[in-house]
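Colleague: Sharing a model that was predicted from the sequence below.
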Amino acid sequence: MEILLIVGSEMGNAEMVGDLVKDELESGGHEVEMITDGDLDSLGLADRDAVLVVTSTTGLGDVPQNLEPIYDALVEERPDLSHLRYGVVGMGDRNYKDSYCGGPRKVDGILEQLGARRVCETLLLDATDNPTPDEDAIAWLPTYLAALEG
Ligand SMILES: Cc1cc2nc3c(=O)[nH]c(=O)nc-3n(C[C@H](O)[C@H](O)[C@H](O)COP(=O)(O)O)c2cc1C
């Protein structure tokens, strides 16, 4: 399967998870394009099918800066994404209370509003009590893949 992997990361944690997720998917025979910057046009969403978002949270519930141009353009341009199927691995820290995992929640929210279909439950990773987000993300992948393929 061809999967567009969109990674939002401020300090590198989510990028590390994204790198490992990419390796795991590729070793399972999938074709993965991983995006860590660029704008909405460069994603070519009109020609995609499966998307996986791995993103952390910054500020007070905000998407990381590298994802901001894409997120803002989705909000402003509101393209029809009803052909897309996606999953989300979100990272945050529950000490931020109400803004816990606000980054992934925002991305999930706009994708849903634009008609894309989340294929399985989002994996939220709390930095406070999770020293191995990479292992948790890898363990979640079969759920995402089964939902895409099923
Ligand atoms: C300046 C700053 C602001 C943050 N704000 C939030 C937040 O509002 N909500 C949340 O759940 N986590 C927040 N976090 C926690 C990060 O999302 C978490 O540590 C994550 O693992 C960082 O991943 P990254 O290095 O890929 O950005 C914040 C972290 C920093 C350093």
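Modeller: Good, I have the coordinates.
Colleague: If you count neighbours, what's buried in stretch 99-118?
Modeller: Buried residues in stretch 99-118, counted by 16 or more other CB atoms under 10 Å: 99-108, 110-111, 114, 116, 118. Every residue, glycine included, has its C-beta placed from N, CA and C.
Colleague: what do you get for stretch 120-127?
Modeller: Applying 16+ other CB under 10 Å to stretch 120-127 flags 120, 122-127 as buried.
Colleague: quick one: which of those residues sit in strands?
Modeller: Mapping the buried residues of stretch 120-127 onto strands (DSSP state E) picks out 123-126.
Colleague: and the buried residues of stretch 99-118 near the ligand, which?
Modeller: 99-102 (CB under 6 Å from any ligand atom).
Colleague: out of these, who's nearest Pro69?
Modeller: Of all those, Gly102 has the smallest distance to Pro69: 17.9 Å, by CB to CB.
Colleague: any idea of the pLDDT on the closest residue to the closest one other than its chain neighbours?
Modeller: If the residues on either side of it in the chain are set aside, Gly102 comes closest to Gly61, at 2.3 Å by CB to CB, 6 or more residues apart in numbering. Turning to Gly61, the model gives it a pLDDT of 98.
Colleague: and Gly61, what does it touch?
Modeller: When contacts are counted by CB atoms under 8 Å, 6 or more residues apart in numbering, Gly61 touches 96, 98-100, 102-103, 105-106.
Colleague: related to what we said a few turns ago, pLDDT for the ones in strands among the buried residues of stretch 120-127 - can I get that in TSV?
Modeller: Shown next, in TSV, are these (pLDDT from 0 to 100):
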residue	pLDDT
Leu123	98
Leu124	97
Leu125	97
Asp126	97
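Colleague: Closest one to Val75 out of these, please.
Modeller: Looking across these and measuring by CB to CB, the closest to Val75 is Leu124, at 21.8 Å.
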